[in-house]
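A.B. asks: Have a look at this prediction, sequence included:
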Amino acid sequence: MDLVTGTLALRPYVFAFLVLFLVAGSADLGWRRTLGFGASVWPVAWLAEFASTRIGLPFGLYHYTGITRGRELYIANVPFMDSLSFTFLAYASFCLARAALAGRRVPRWTQALVTGVLMTALDMVIDPLAVRGDRWFLGRIFYYPDGGAYFGVPLSNFAGWTIVGAVSVGIYLVAGAARPPSSAGGLREVPGAAVAVSRLGARVWPGVALYYVVLGFNLAMTAWIREWVLLAVGGVLHAVIVVTVRLTRQKPGKVLGLPRRGVAQV
């Protein structure tokens, strides 16, 4: 019980994001599918972290310092909340991907890949900030022994995030868990390897909001430690994403090179 309490006390903001995910996901997908989403994402994320701290795949080699051992829950050498955070990051990215792809039928792999790319865009702010955790209240919980080209983070990390995001959400989609009613602004099952992304109802937007709440928190912390170049890069990157999503929604099938034929009219 002390470890559970300590875990929540050390990472209250992560716990808050997790609660928002559960609330938004339950309204959007239903609580069973929300738990199914988490069950699809968390094992993949934990395994990726476990492997990366040993053989450097898929994120590149890094090590947890273990300074919070005894104060928060670990599974092997990986802090539980670190791998668990992938669930709400994946869900928020999944919602933004659905917003971008709304009103069209796309292959499952496209839906999963777009989600992975959007997760990676978040991590391009999150990971450099986390590497500098000794300058804010996160603490120095991990490090890359060889550093990296992007604000101290190896580029392999971002390839890993895209893979983990795409694979974990792909598992969720292929497992057939993503079958909420179209009124929820979700996905409709169609024959073959495609899903129809319905026109969005109100329920998907809390997940999109979660994406930007997480982004805003990390940009605020970046400003707090006066990493102005990282702040500017992150701000420009996500401004480009906002414009791209808007254009994609206005011109279905053109920005992403997706066929207009077979667009779902829900």
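C.D. replies: Right, received. Where do you want to start?
A.B. asks: the bottom helix or strand of this protein by mean pLDDT?
C.D. replies: Least confident helix or strand of the chain, by mean pLDDT, DSSP states H and E, is strand 187-189 with a mean of 53.
A.B. asks: residues of the strand or helix carrying Val243 that come out buried?
C.D. replies: Following DSSP states H and E, one finds Val243 within helix 228-250. By neighbour count, with 16 or more other CB atoms under 10 Å as the criterion, the buried positions of helix 228-250 are Leu230, Leu231, Val233, Gly234, His238, Ile241, Val245, Thr248, Arg249. Any C-beta I mention is one placed from the backbone N, CA and C, and that applies to glycine too.
A.B. asks: Show me what it is packed against.
C.D. replies: Judged by 3 or more CB pairs under 8 Å, 6 or more residues apart in numbering; DSSP states H and E, helix 228-250 is in contact with helix 80-101, helix 108-131, helix 205-224.
A.B. asks: Please identify the most buried of those helices.
C.D. replies: helix 80-101 (a mean of 25; mean count of other CB atoms under 10 Å).
A.B. asks: So which other helices or strands are in contact with that one?
C.D. replies: Using 3+ CB pairs under 8 Å, 6+ apart: helix 80-101 touches helix 2-10, helix 12-28, helix 31-55, helix 108-131, helix 155-174, helix 205-224, helix 228-250.
A.B. asks: Surely Pro79 touches Gly70?
C.D. replies: No: Pro79 sits out of contact with Gly70 when judged by CB atoms under 8 Å, with a separation of 11.8 Å.
A.B. asks: Compare neighbour counts for those two and give me the winner.
C.D. replies: Neighbour tally, Pro79 and Gly70, criterion other CB atoms under 10 Å: the higher count belongs to Pro79, 24 against 10.
A.B. asks: bridging residues for that one?
C.D. replies: Pro79 forms beta bridges with Tyr74, as assigned by DSSP bridges.
A.B. asks: any idea how far it lies from Trp46?
C.D. replies: 10 Å (CB to CB, to the nearest Å).
A.B. asks: what does Trp224 give?
C.D. replies: Counting by CB to CB - Trp224 and Trp46 are separated by 29 Å.
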